[in-house]
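Undergrad: Any chance you can model this:
(one chain, ligands or ions: 1)
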Amino acid sequence: MQDLMQKITSLCKRRGFIFPSSEIYGGFGSCYDYGPLGVEMKNNIKRAWWKEMTQLKENIVGLDSAVLMSPKVWQASGHLTAGFADELVECKGCHKRFRLDELKQKKCPECGGELTKPRKFNLMMKTFVGPVEDEAATTYLRAETCQGIYVNFLNVLSTTRQKVPFGICQIGKSFRNEITPGNFIYRTREFEQMELQWFCHPKEAEKYFEFWLKERINWYLNLGIKKSNLRAKEVPKKDLPHYAKRAVDIEYKFPFGWKEIEGVHNRGDWDLLNHSKHSGQDLRYFDEEKKEKYFPYIIETSAGVDRSFLTFFVDAYQEIKGGRTKTTKATKEIEVLLKLHKAISPIKVAVLPLVRNKPELVKKAKEVYKLIKPHFPSQYDELGSIGRRYRRQDEVGTIASVTCDFQTLKDDTVTLRERDSMKQIRVEISKLKEIIQKILEGEEFLKLGKIVK
Ligand code: GAP
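TA: Down below sits the predicted model:
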């Protein structure tokens with residue numbers, strides 16, 4: 001199964017989804033860069049989440065807070081103390097470090113050497129603000145985006161007149177000095193989170209926990225993730241994060257095993273209470289109607305953008321031995337199909353001239369491309385046989401391909417090919433934009449034009 005991860009990693013590199021960071025210098029500590037297709041897909045994931053949370057739900061507003069915050073924030077949140085630390089052991093021979101909870105044996109997995117006693121290793125990334133590198137200038141890159149939400153709790157309340165229950169959501173980078181990053185983009189030291197903080201009355205916390213857990217699982221399912229690859233796992237009391245009263249991990253079945261992709265947490269009053277204590281500001285909520293003042297409980301849904309990316313990619317990846325098309329020369333090859341959901345696919349349309357040695361066809365195809373490009377993320381491709389070009393598009397998940405052929409020159413119609421069925425219809429160029437829109441909205445493909453036999 002690790003073989004599958006290698007294939008996915010190499011496809012990501014070859015087609016411009018993901019590159020190792022600083023590659024010309026030999027890479028850098030499990031950091032990755034998203035390439036031209038990767039950034040489109042990543043933006044689509046974030047857009048889908050943002051729409052779900054802010055547009056399609058009631059009483060949720062957005063925020064974009066700074067990565068750098070007062071170090072007092074991290075004192076109050078408990079991240080600078082033992083709560084946010086992994087137990088680490090070091091090999092006395094090769095000096096490699098390992099997380100205690102990931103070790104299956106008492107010896108070094110690399111060289112078999114003796115291991116040191118475990119010690120706590122804090123995951124916060126330290127940095128200095130300003131020209132002097134001393135204790136007074138020390139702060140940290142945020143380890144979770146939600147702390148920026150808590151410190152703005154009063155600002156949002158007073159500017160939006162929200163009433164409990166309500167939510168604040170944010171998408172942004174977080175940083176953790178992970179001891180053992182790995183499995184491609186699954187665990188990295190710099191990553192992006194999509195977090196919702198839902199503020200509610202303590203008595204309603206459990207009800208909303210169940211609500212949000214269900215909502216979040218449905219988000220993945222609605223975007224095409226196979227149900228059998230998704231599960232919710234209650235986190236045992238002894239493993240709860242330092243801030244949580246209850247936690248459920250949403251897990252995906254990766255080629256390297258079932259792994260967490262999102263956490264749903266009941267954070268109780270941990271954050272608002274501690275920020276009140278440390279800042280001296282009263283962060284309690286006053287219910288005007290009931291004349292009740294209290295710390296709202298927080299139900300949090302915390303998803304990783306990069307882990308969502310990997311989830312969508314792995315789930316969509318299919319290999320077809322011998323290929324799907326039996327009419328081309330390539331039938332002995334392994335064909336790759338990236339069956340991404342329409343909302344997630346980086347490219348929606350490819351425009352292809354049937355052949356590239358006919359200038360009038362190329363000219364027409366470029367005109368069609370120009371027509372389509374402002375409306376949908378599109379690609380123009382004229383290199384190689386038409387069958388090979390279709391497969392190149394299938395491999396990156398392009399939803400539909402438009403081909404300009406000799407008939408196009410006669411009657412201004414083109415063929416539209418659908419990725420998943422490989423079926424083709426003939427449509428007028430003047431209606432192309434409207435028809436592609438309908439395909440993306442999920443209308444039945446074969447009803448949108450004249451079927452090509
Ligand atoms: N605010 C709560 C919080 O941060 P978490 O369970 O530590 O909770 C939430 O992280 C999500 O953030 C994870 O489920 C994962 O998707 C993502 N995440 C955490 N650490 C990560 C890492 N080192 N690399 C990639 N994603 C990570």
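Undergrad: that's a strand at Thr403, yeah?
TA: Yes. Looking at Thr403 with DSSP: H, G, I helix; E, B strand; the rest coil, it is inside a strand.
Undergrad: correct me, but it touches Thr415?
TA: Yes. Taking contacts as CB atoms under 8 Å, Thr403 lies within contact range of Thr415: 4.7 Å. Placement of C-beta: from N, CA and C, glycine included.
Undergrad: Give me the helices and strands touching the helix or strand where Gly62 lies, please.
TA: Counting by DSSP states H and E, the element that carries Gly62 is strand 60-63. Other helices and strands packing on strand 60-63, by 3 or more CB pairs under 8 Å, 6 or more residues apart in numbering; DSSP states H and E, are helix 153-160, strand 166-175.
Undergrad: What's the mean pLDDT across the last one?
TA: Read that as strand 166-175. Taken as a whole, strand 166-175 carries a mean pLDDT of 98.
Undergrad: Using neighbour counts, pick out the buried residues of the helix or strand following it.
TA: Per DSSP H and E, the first helix or strand lying C-terminal to strand 166-175 is strand 190-200. For strand 190-200, burial by neighbour count (16 or more other CB atoms under 10 Å) applies to 190-200.
Undergrad: which of the residues you listed come close to the ligand?
TA: Here is what survives when those are matched to the ligand using CB under 6 Å from any ligand atom: 191, 193, 195.
Undergrad: Can you tell me which of those residues is nearest the ligand?
TA: Nearest to the ligand among these: Phe191, at 3.5 Å, using CB to the nearest ligand atom.
Undergrad: List the beta-bridge partners for the residue of the chain at minimum distance from the ligand.
TA: Among the residues of the chain, Gly304 lies nearest to the ligand; the distance is 2.4 Å by CB to the nearest ligand atom. Beta-bridge partners for Gly304, by DSSP bridges, are Gln193.
Undergrad: Tell me the confidence at it?
TA: pLDDT at Gly304 comes out at 98.
Undergrad: contacting residues for it?
TA: Taking CB atoms under 8 Å, 6 or more residues apart in numbering, we find Gly304 in contact with 191-194, 261-262.
Undergrad: Tell me which residues touch the residue nearest the centre of the chain, please.
TA: Geometric centre of the chain, nearest residue: Val305, 2.5 Å, by CA atoms, centre = their mean. By CB under 8 Å, 6+ apart, the contact list for Val305 reads 42, 45-46, 171, 191-194.
Undergrad: In the strand holding Gly62, which residues are buried?
TA: So, applying 16+ other CB under 10 Å, buried residues of strand 60-63: 60, 63.
Undergrad: do the same with stretch 376-392
TA: For stretch 376-392, burial by neighbour count (16+ other CB under 10 Å) applies to 376-382, 386, 389-392.
Undergrad: Let me have the contacts of Val305 in TSV, adding distance to Gln281 as columns.
TA: Converted to TSV, the contacts of Val305 look like this (distance: CB to CB, whole Å):
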residue	distance to Gln281
Lys42	36
Ile45	35
Lys46	31
Ile171	26
Phe191	30
Glu192	29
Gln193	25
Met194	27
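Undergrad: And these, which is closest to Cys94?
TA: Nearest to Cys94, judged by CB to CB, of those is Phe191 at 27.5 Å.
Undergrad: Excluding residues flanking it in the chain, which one is nearest that closest one?
TA: Leaving out its chain neighbours, the residue that sits closest to Phe191 by CB to CB, 6 or more residues apart in numbering is Asp306, at 4.9 Å.
Undergrad: following the helix or strand encompassing that neighbour, which helix or strand comes up?
TA: Assigned by DSSP H and E, Asp306 falls within helix 305-316. Following helix 305-316 in sequence order, the next helix or strand is strand 317-321 (DSSP H and E).
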